[in-house]
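Peer 1: here is a sequence with its predicted model. Questions after.
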Amino acid sequence: MTIKPLIILPDPLLRVQSKPVERVDEAVKRFADDMLETMYDAPGIGLAAIQVGEPLRMLVIDLAKEDEPKAPQVFLNPEILSSSEARSIYEEGCLSIPDYYAEVERPATVRVRYLGLDGQMHEEEADGLLATCLQHEIDHLNGVLFIDHISKLKRDMVVKKFTKQARRAVG
């Protein structure tokens, strides 16, 4: 397994629409392992393929707490079929926007269809943190960041800060 470098804001790749995974093969399974290893190393609870430079509709999630056994989940070509009227608010962060957190309101429950590593289609009803995490990572596959769900003023400040940091790193 290989730890991949993370794509960091303001990299324009984060705004790219990801392409569907065509088939589940050994390369996709190896890449899923690499993504999980990268997510655990960061550390994080979710990671979309675009965050490591691959514009594929693929994401990994593991919501297990530190004292619990790992519970990795891999979602290929995930799509939200329905979402609840009820809303929930979580403080979200993102491995591509390090050390920045903001409260984001999203549907409390979602129904998701996805292709598993077993090559089969699955449907899952998710609520709580899993629902939030799925929505956050699926947003990445569509070129949307969690900061797009906060006020324009706060978003502009975050983008400006990370643009400055990127310039300093290059210069």
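Peer 2: Yep, it's here. The model shown is predicted, which means the values in this text are computed figures rather than measured ones.

Peer 1: can you tell me the element the spatially most central residue of the chain falls in?
Peer 2: Nearest to the mean C-alpha position of the chain, counting by C-alpha atoms, centre = their mean, stands residue 137 at 2.8 Å. Using DSSP states H and E, residue 137 sits in helix 128-141.

Peer 1: the closest residue to the residue nearest to the centre of the chain other than its chain neighbours: what's it in contact with?
Peer 2: Closest residue to residue 137 apart from its sequence neighbours, by C-beta to C-beta, 6 or more residues apart in numbering: residue 59 at 4.1 Å. The way it works is simple: take the backbone N, C-alpha and C, and place the C-beta from them, glycine included. Contacts here follow C-beta atoms under 8 Å, 6 or more residues apart in numbering; on that basis residue 59 touches 35, 46-49, 74-75, 78, 134, 137-138, 140-141.

Peer 1: and residue 59, how far from residue 67?
Peer 2: According to C-beta to C-beta, to the nearest Å, residue 59 and residue 67 sit 25 Å apart.

Peer 1: residue boundaries of the strands in this protein?
Peer 2: Ranges of strands in the chain, per DSSP state E, are 46-48, 58-61, 73-83, 87-94, 97-107, 109-115, 121-127.

Peer 1: which one of those lies closest to residue 164?
Peer 2: Among these, the nearest to residue 164 by C-beta to C-beta is strand 97-107 (13.5 Å).

Peer 1: and that closest one, what does it pack onto?
Peer 2: Secondary-structure packing of strand 97-107 (3 or more C-beta pairs under 8 Å, 6 or more residues apart in numbering; DSSP states H and E): strand 87-94, helix 128-141, helix 152-170.

Peer 1: contacting residues around the nearest residue to residue 155 once chain neighbours are set aside?
Peer 2: Ranked by C-beta to C-beta, 6+ apart and with sequence neighbours excluded, the top spatial neighbour of residue 155 is residue 147, at 4.7 Å. Contact criterion C-beta under 8 Å, 6+ apart gives 94, 97, 100, 102, 154-155, 158-159 as the residues in contact with residue 147.

Peer 1: give me the pLDDT value at the closest residue to residue 37 other than its chain neighbours.
Peer 2: In space, residue 37 comes closest to residue 1 once its chain neighbours are excluded; the distance is 4.2 Å by C-beta to C-beta, 6+ apart. For residue 1, the pLDDT comes out at 80.

Peer 1: and the lowest-mean-pLDDT helix or strand in the chain, which residues are buried?
Peer 2: Sorting the helices and strands of the chain by mean pLDDT, DSSP states H and E puts helix 152-170 at the bottom, at a mean of 93. Neighbour counts over helix 152-170 (16 or more other C-beta atoms under 10 Å) mark 155, 158, 162 as buried.
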